[in-house]
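**Student:** Provide a 3D model corresponding to the input given below.
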Amino acid sequence: MGRLKRLRLSRRRVATASLAAIFAAWGPARAWAETFVSIGSGEMTAVYYPVAKAICQAIFSELREQGFWCSAETTPGSAYNVEHIVTGELEFGIVQSDVLFSAYKGIGRWDGKPVTELRSVLCLFPELVTIIARADANIHVLADLAGKRVSVGSLATGPRTTWDLISPDLDLSAPVQLRELRQSETASALCDGTIDASFFVVAHPSELVSDQLAACPSNFVAVTGAVVDKLVSNYPFYTRGFIPTELYHLSDKVLSFGSEATLVTSASSDPRMVAAVVKAIMTHIAQLKTMQPVLADLDADHMVAQTLTAPAPLHPVAAAIYQELGLIK
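**Tutor:** As a prediction, this is how the structure comes out:
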C-alpha cells in the first residue's frame, strides 16, 4: 500500500465533523465587512513574506466576496508567528514544522508550556537546513563548526529553534559561538569577518542565499552524519534532501535535511474564515505555482499528505474541506 493511500486511510488526526456542524457549533453568522485575515510571514528579504503576499493576491477575490481582506504581515519569523497566532494578533502564520513541533509539545523556548491550541492547515513547501561559510573559514562539514562564529537568528526565528533542537547532538570539539543576526545582516557580517558561517532553514531557490553567495567567496556546508540520521529517525517531519546547487550555478550537490513550511492557525479561529482561506488556496494552486519559485512544485495530494504528518492536529474545517475534495478519505 502506498504512503499516500495509508495516510488517506488514517483517521487518527483528522476530525470528521461536517462543515455545517462546525459552523452550527460556532454560532449564527456574523457581519463580515472589513474583517482582516492576517498571515504572519517573516523578514521582508526572506521567503515567507513573498509567499504570504502571493497567497493573499491569489485568493483576494474569493475572500473579498465573503467580506474578508487578506494581509501578508512581515514578522521576525516562525516562533513569533506561533506566539501571535495564540494571542489572536495573527489569524494565520507560516511556520517551520519543527518549530510547530517544539511549540505544540512544549520544548525548547516553550519548555513546560505546550501551545496545544495550534492547528495545522496546509503544508506548503519543503525547507532545508542551509549553512553558508566564508571560503577562508575552512568549514565544509558540521564538525568544522566547532569554535566558529555562526549566525543562527534571533529567538523569534525558525532557524534558531531548529538550531536549539539539533545542537545538543552535534558533539563538537568546541562550542559554537552563536550570533543572533537578522537574515538581511548576514551577508555583510560574513564578508567582513564578523561571523564565519550563517545558518538558515530555507526553501530553494532563495534570493537571500543567492545574495550571500555573490557577496564574497563562500561555500555551502554539507549537513550529514549521525546527528542527521538520528533526527530523521526520531522526527517524522524531517526528511533528507539535496540543496539544488545548480540553481546557484554550482556543480556539486550538497546533502542536507529539513522540514515543511506549514500554514498554521488556532483551534479558536473562526471556522468560516478558515474555510474561506482553505477553499481559496486549493482553488488557486495552479496560479500560485507561477507566482513564486518556491511554489512551483505545489501539488494538492502531496501538500495534504504532508499536512497529515504535521506536528499539530489538522484543523477540523480544513479536514472537512479536504474530505469534500477527495484528498482525505
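
**Student:** can you give me the strands in the chain?
**Tutor:** For the chain, the strands defined by DSSP state E cover 35-40, 68-73, 92-96, 118-134, 149-151, 177-179, 197-202, 218-221, 239-243, 254-266.

**Student:** and these: which comes nearest V82?
**Tutor:** strand 92-96 (5.9 Å; Cβ to Cβ). C-betas here are computed from N, CA, C, even on glycine.

**Student:** who's in contact with I195?
**Tutor:** R134, R149, V150, S151, R179, L181, T186, A189 (Cβ atoms under 8 Å, 6 or more residues apart in numbering).

**Student:** again, only using 7 Å
**Tutor:** For I195, the contact set (Cβ atoms under 7 Å, 6 or more residues apart in numbering) comprises R149, V150, S151, R179, T186, A189.

**Student:** nearest to V129, out of those: which one, please.
**Tutor:** V129 lies nearest to V150 out of those, by Cβ to Cβ, at 12.2 Å.

**Student:** I'd assumed E180 was in contact with the closest one.
**Tutor:** No - the criterion here is Cβ atoms under 7 Å, and V150 misses it with E180 at 10.4 Å.

**Student:** between the two, who's got more neighbours?
**Tutor:** Using other Cβ atoms under 10 Å as the criterion, V150 and E180 rank with V150 on top: 22 against 13.

**Student:** return the residues in contact with that one.
**Tutor:** V150 neighbours (Cβ under 7 Å, 6+ apart): V176, Q177, L178, R179, I195, D196, A197, F199.

**Student:** let me know the closest of those to V278.
**Tutor:** For the contacts of V150, the nearest to V278 is F199 (32.7 Å; Cβ to Cβ).

**Student:** report the contact partners of Q212.
**Tutor:** Contacts of Q212 by Cβ under 7 Å, 6+ apart are I132, T186, A187, L190, S198, S218.

**Student:** one more time with 10 Å, if that's ok
**Tutor:** 130, 132, 134, 183, 186-191, 198, 200, 206, 218, 248 (Cβ atoms under 10 Å, 6 or more residues apart in numbering).

**Student:** hey, what's V129 bridged with?
**Tutor:** V201 (DSSP bridges).

**Student:** report how many residues lie close to it.
**Tutor:** 25.

**Student:** what residue ranges in the stretch 51-200 of the chain score low on pLDDT?
**Tutor:** Along the stretch 51-200 of the chain, segments meeting pLDDT under 70 are nowhere present.

**Student:** ditto for the stretch 201-329 of the chain
**Tutor:** For the stretch 201-329 of the chain, no stretch has pLDDT under 70.

**Student:** if you set the cut-off to 90 instead, what comes out?
**Tutor:** 205-208, 225-227, 231, 234-237, 244-247, 250-253, 329 (pLDDT under 90).

**Student:** in it, which spans are helices?
**Tutor:** Assigned by DSSP state H, counting those that start in this stretch, the stretch 201-329 of the chain shows helices spanning 207-215, 226-234, 271-283, 285-288, 300-307, 316-324.

**Student:** now the fifth one against strand 239-243, angle please.
**Tutor:** When you say that, I think you mean helix 300-307. 130 degrees (axes from the mean of the first three to the mean of the last three Cα atoms, to 10 degrees).

**Student:** in helix 300-307, what's buried?
**Tutor:** M303, V304, A305, Q306, T307 (16 or more other Cβ atoms under 10 Å).

**Student:** and what of the second one?
**Tutor:** Burial within helix 226-234, assessed by neighbour count using 16+ other Cβ under 10 Å, is assigned to V227, V228, L231.

**Student:** just the CA trace of stretch 248-258, in CSV.
**Tutor:** The C-alpha trace of stretch 248-258 is given here as CSV (Å, rounded to 0.1, in the frame of the first residue of the first chain):
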residue,chain,number,x,y,z
TYR,A,248,23.1,28.9,-7.9
HIS,A,249,25.3,27.9,-10.8
LEU,A,250,27.3,25.5,-8.8
SER,A,251,28.0,21.9,-9.9
ASP,A,252,28.3,19.8,-6.7
LYS,A,253,25.0,19.0,-4.9
VAL,A,254,25.0,19.4,-1.1
LEU,A,255,23.2,16.9,1.1
SER,A,256,21.1,18.3,4.0
PHE,A,257,17.8,17.7,5.7
GLY,A,258,14.7,19.8,6.5
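
**Student:** buried residues in that stretch, which are they?
**Tutor:** Of the residues in stretch 248-258, those buried (16+ other Cβ under 10 Å) are Y248, V254, S256, F257, G258.

**Student:** from the chain's centroid, how far away is it?
**Tutor:** Remark: stretch 248-258 is offset 20 Å from the chain centroid, using Cα atoms, centre = their mean, to the nearest Å.

**Student:** tell me what the lengthiest helix in the chain is packed against?
**Tutor:** Assignment by DSSP state H gives helix 48-65 as the longest helix of the chain. With contacts defined as 3 or more Cβ pairs under 10 Å, 6 or more residues apart in numbering; DSSP states H and E, the packing partners of helix 48-65 are strand 35-40, strand 68-73, strand 92-96, strand 118-134, strand 254-266, helix 271-283, helix 285-288.
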